[in-house]
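Student: Provided below for reference: sequence and predicted model.
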Amino acid sequence: MSVYIEKVKAREVFDSRGNPTVEADVILSDGTLGRAEVPSGASTGELEAVELRDGGTRLQGKGVSKAVEHVNSAINTALHGLDPFNQGHVDQVMIDLDGTKNKGKLGANAILGISMATARAAANYQKVPLYRYLGGTDLELPQTFHNVINGGEHADNGIDMQEFMITPVERTSFRDGFEKIANTYHVLKKVIEDAGYQSGLGDEGGFAPDLKSSEEALKMLHEAIEKAGYTPGKEIAIAFDAAASYFYNTETKMYDFEGTHKTPDEMGEYYEGLLKEFPEIISIEDPYSEDDWENFEKFTAKMGDKVQIVADDPVCTNPELVRKAIKNGLANSILIKLNQIGTVSETLETIRLARKNGYTTMISHRSGETGDTFVADFTVATNSAELKAGAPARSERVEKYNQLLRIEEELGEDSTRLAHFPNSVDLD
Ligand SMILES: C=C(OP(=O)(O)O)C(=O)O
Ligand SMILES: [Mg+2]
């Protein structure tokens with residue numbers, strides 16, 4: 001082996017919500033450095049790998065000094081001398097060292113930081129971009145989903161659904177699609193202000209007006225798309241993440257949604273009503289709670305051939321849970337968040353599993369982000385065709401899109417195919 005891992009180390013830095021997070025370095029024997037920063041969610045699935053925080057887990061604002069210490073001591077000792085090009089082995093050594101099912105001992109934030117930084121170091125050593133190192137050739141730019149109105153856990157307003165996204169659906173370059181998204185975002189600000197609401201921002205850079213309902217938010221998106229000069233569904237479509245675990249009542253098994261108490265069936269009727277009112281909706285994430293697989297499955301059986309149905313909280317990027325989801329027909333698409341499972345190789349396994357079984361995959365940022373653009377390269381490398389990384393505003397979000405602009409420049413515009421559901425079969 002010509003080059004090996006000499007040393008790994010980590011430090012506490014801060015994320016877009018001002019909370020501490022892990023930055024990890026992998027240094028190779030020739031001095032090459034790979035660096036990565038770990039994001040952090042707010043609407044976390046119950047079964048996510050553990051984000052280790054000082055004085056407990058998942059408490060916003062708590063430090064990550066224990067996770068940092070695990071990198072600097074145990075992980076550093078275990079990885080010394082390993083081949084940085086054998087990502088699977090590096091990840092497995094950390095999984096074994098941790099020894100728990102949920103990475104609760106060392107912390108998924110410690111392990112993921114080093115896992116991502118290892119891939120970066122290997123790419124840097126080969127002097128190739130990360131997307132090229134991880135993905136090889138025959139790559140395509142993704143369709144991007146932009147959360148422009150924030151609700152639920154991501155904003156302090158009256159909207160219970162979490163994310164209202166716009167997405168370019170024309171067969172065009174990434175740059176052209178993104179420009180249309182940015183134009184719509186600016187018009188949306190005016191639509192919100194003209195309706196008498198504040199246009200302050202939520203966690204993912206979308207506006208967080210104090211609307212009373214999700215339907216009102218969708219109406220505003222529809223209006224903004226038209227006022228920006230586009231046809232809803234033709235140039236720009238709509239997607240939403242209901243993140244329904246947030247408004248599910250585990251005792252009554254009802255959905256306490258925007259002042260109503262809906263049965264699961266009534267929730268389904270509500271979604272169907274939205275699809276009728278806004279035919280430009282092409283993707284729905286987490287329409288039911290992570291504790292309500294039965295109704296999630298029922299909805300997919302009924303609506304899965306009409307709209308993309310994405311599973312996030314119920315499966316947490318976990319290959320075992322994704323296997324169960326596929327067997328049960330839970331959804332037709334899987335949301336992919338690296339820190340839900342905690343290593344690059346396990347995330348790749350989940351993606352392969354989903355794809356082999358006809359599920360689409362949407363790579364995702366977290367609501368607490370950093371300037372790290374790993375997910376942009378990762379989406380291209382895995383030909384995932386879909387990425388959600390927040391609004392076309394706020395640098396921790398926009399940096400991901402700017403990285404895609406750079407990648408498109410390198411790959412050429414032919415790399416943008418916009419393989420969007422349900423028209424994902426390229427026939428012309
Ligand atoms: C990106 C999301 O939010 P968070 O990072 O808070 O889980 C999501 O729920 O899809
Ligand atoms: Mg989600």
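Tutor: Okay, I see it. Ligands and ions are numbered 1, 2, ... in the order given.
Student: ok so Phe240 is a strand residue?
Tutor: Yes. Counting by DSSP: H, G, I helix; E, B strand; the rest coil, Phe240 is part of a strand.
Student: Just to check, it is in contact with Ser214?
Tutor: Yes. In terms of CB atoms under 8 Å, Phe240 counts as a neighbour of Ser214; the distance is 7.4 Å. For the C-beta atoms, the positions are set from N, CA and C on the backbone; glycine is no exception.
Student: ok, these two, which is more surrounded?
Tutor: Phe240 (28 against 23; other CB atoms under 10 Å).
Student: Could you tell me which residues touch both of Phe240 and Ser214?
Tutor: Common contacts of Phe240 and Ser214, defined by CB atoms under 8 Å, 6 or more residues apart in numbering, comprise Met161, Phe164.
Student: Which pLDDT value goes with the closest residue to ligand 2 within the stretch 101-250 of the chain?
Tutor: Ranked by CB to the ion, the top residue of the stretch 101-250 of the chain for proximity to ligand 2 is Asp241, at 4.4 Å. In the predicted model, Asp241 carries a pLDDT score of 97.
Student: wait, isn't it in contact with Gln162?
Tutor: Yes. Here Asp241 reaches Gln162: they are 5.0 Å apart, a contact under CB under 8 Å.
Student: Look at those two and report which has more neighbours.
Tutor: Neighbour tally, Asp241 and Gln162, criterion other CB under 10 Å: the higher count belongs to Gln162, 31 against 28.
Student: tell me the contacts of the more buried one?
Tutor: Ser43, Asn150, Gly151, Gly152, Glu153, His154, Asp241, Ala242, Ala243, Tyr246.
Student: got a markdown table for those residues, with secondary structure too?
Tutor: Formatted as a markdown table, the contacts of Gln162 follow (three-state DSSP):
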| residue | secondary structure |
| --- | --- |
| Ser43 | coil |
| Asn150 | strand |
| Gly151 | coil |
| Gly152 | helix |
| Glu153 | helix |
| His154 | helix |
| Asp241 | strand |
| Ala242 | coil |
| Ala243 | coil |
| Tyr246 | helix |
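Student: which ones among these come in contact with ligand 1?
Tutor: Contacts with ligand 1 within the contacts of Gln162, as defined by CB under 6 Å from any ligand atom: Ser43, Asp241, Ala243.
Student: For Ser213, give its distance to Ser173.
Tutor: Ser213 sits 36 Å away from Ser173 when distances are taken as CB to CB, to the nearest Å.
Student: How about the residues of this protein by ligand 1?
Tutor: Contact residues, the chain versus ligand 1 (CB under 6 Å from any ligand atom): Gly41, Ala42, Ser43, Thr44, Gln162, Asp241, Ala243, Asp312, Leu335, Ser364, Arg366, Ser367.
Student: where does the fourth one land in three-state SS?
Tutor: Going by three-state DSSP, the secondary structure assigned to Thr44 is coil.
Student: So this structure: which segments form each domain?
Tutor: With the TED database serving as the domain definition, the record reports that the chain contains domains spanning 5-127, 143-411.
Student: who wins for proximity to Gly136 among these?
Tutor: domain 143-411 (8.0 Å; CB to CB).
Student: okay, how far is it across stretch 369-383, tip to tip?
Tutor: From the first residue to the last, stretch 369-383 extends over 22 Å; the measure is CA to CA, to the nearest Å.
Student: again, but for stretch 204-221
Tutor: Start and end residues of stretch 204-221 are separated by 16 Å (CA to CA).
Student: got it, and stretch 308-325?
Tutor: Distance between the boundary residues of stretch 308-325 (CA to CA) amounts to 15 Å.
Student: re the thing from before, could the contacts of Gln162 go into CSV alongside distance to Asp372?
Tutor: Written out in CSV, the entries for the contacts of Gln162 read as follows (distance: CB to CB, whole Å):
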residue, distance to Asp372
Ser43, 20
Asn150, 21
Gly151, 26
Gly152, 24
Glu153, 22
His154, 20
Asp241, 22
Ala242, 28
Ala243, 23
Tyr246, 26
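Student: Of those - the most surrounded one?
Tutor: Ranked by neighbour count under the definition other CB under 10 Å, the contacts of Gln162 are headed by Gly151 with 31 neighbours.
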